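> I'll drop the sequence and a predicted model, then ask my questions.
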Amino acid sequence: MALKIIFMGTPNFAVPILKAIHESEHKILEVYTQPATKSGRGQKLNHSDIFRCAEQLNLNVSSPDTLETREEIDRFKKLEPDLIVVVAYGKILPPKLLDIDKLLFINVHASLLPKWRGAAPIQRAIMNMDSDTGISIMKIIPKLDAGPVMLQEKIKISQEMSCEDLSKKMSEIGAKLILQSIKLIENNKANFIEQKESEASYAKKIQKNEARINWNESAKKIIAKINALHPNPGCWFELSDARIKIIKAIEIEKAGNAGTILDNKMTIACAKNAVQILELKKEGKKQMLIDEYLKGNEIKVGQKIN
């Protein structure tokens, strides 16, 4: 029996999961996503990845400013869904919505709950240099990411993986698990297991000031942060009053005063070992390999950077 589903999501991470449900036998009644933002002089509307995907798939899509109003709650009820699937929607769902009788809300969360509840689980796992992470399918309750878990799948985190790389792999796993979850729910075989509160940790939202590189940390920790924050917001430092974002780098065994350029390849000393930049982007310029950058930009061995 095909289920009637409301899908709620916003970023690109949610796109493969929406597509997987759309390609199944189940019916998507409505897609909810965050409202478009405006940018530039012309105040151009920037719609979410899910909004654009939903339009391409000819699905009904809504972008309400809030789900708190009686009008929105009533509209939600009138859709009469069997299930609501939430994937990185971008806002905590109001209790009024979660309290609608007999509605089941499930969430695709990008960590092995109860570890890394919260807004930035992929970034925090990489920054913490975790060896693995995973996808959890959980029932949504009012407390953030604390609901009972239905399915989980683990994935290894390699040292060179960026947030972009890991997010793509995890989204693919999420698409597979959501179909398994829907089938279990459809057949009344879903088994939700309570999380262990004592093992919970929280992935706080990434703050802008975290993106600036602190060369007094170890090279290993700095590279983990570079990977975690790529592509957005990206890790950066200042050299000759220009902001430079590091796209890719490796750790090498070299010593010097932290924040000092050690050689003509722009290797930079850290508290332990050094960071060798492979790819970067200077403010206002295109992304480039380090050799290309060095052809047009003079650096000095021993130069201190901020």
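Cool, got the structure.

> contacts, neighbours, all on C-alpha from now
Fine.

> could you pull out the helices for the stretch 51-200 of the chain?
Under the criterion DSSP state H, counting those that start in this stretch, the stretch 51-200 of the chain carries helices at the ranges 70-78, 95-98, 121-127, 163-186.

> what's the next helix or strand after the last one packed up against?
Okay, so that is helix 163-186. Heading C-terminal from helix 163-186, the first helix or strand you meet, by DSSP states H and E, is strand 202-203. Using 3 or more Cα pairs under 8 Å, 6 or more residues apart in numbering; DSSP states H and E as the contact definition, the elements that strand 202-203 packs against are strand 117-118, helix 121-127.

> quick one on the thing from earlier: tell me the most buried of the helices of the stretch 51-200 of the chain?
The highest mean neighbour count among the helices of the stretch 51-200 of the chain, using mean count of other Cα atoms under 10 Å, belongs to helix 121-127: a mean of 24.

> Quick one: mean pLDDT for that helix?
Computed over helix 121-127, the mean pLDDT rounds to 98.

> Distance from the chain centre to it, please.
Once both centres are worked out by Cα atoms, centre = their mean, to the nearest Å, helix 121-127 turns out to sit 9 Å from its chain's centre.

> how about the helix or strand hosting V31 as PDB, C-alpha atoms only?
Here V31, judged by DSSP H and E, is contained in strand 27-32. Taking only C-alpha atoms (Å, rounded to 0.1, in the frame of the first residue of the first chain), the coordinates of strand 27-32 have been written out as PDB:
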ATOM      1  CA  LYS A  27       2.800   9.700  -3.000                       C
ATOM      2  CA  ILE A  28       4.300  13.000  -2.000                       C
ATOM      3  CA  LEU A  29       1.400  15.300  -1.000                       C
ATOM      4  CA  GLU A  30       3.500  18.400  -0.400                       C
ATOM      5  CA  VAL A  31       7.100  19.500   0.000                       C
ATOM      6  CA  TYR A  32       7.900  22.100   2.700                       C
END
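
> Now do the buried residues in the next helix or strand along the chain from that strand.
Per DSSP H and E, the first helix or strand lying C-terminal to strand 27-32 is strand 37-39. Of the residues in strand 37-39, none is buried by neighbour count under the rule 16 or more other Cα atoms under 10 Å.

> With stretch 194-202 instead?
Buried residues in stretch 194-202, defined by neighbour count with 16+ other Cα under 10 Å: Q195, Y202.
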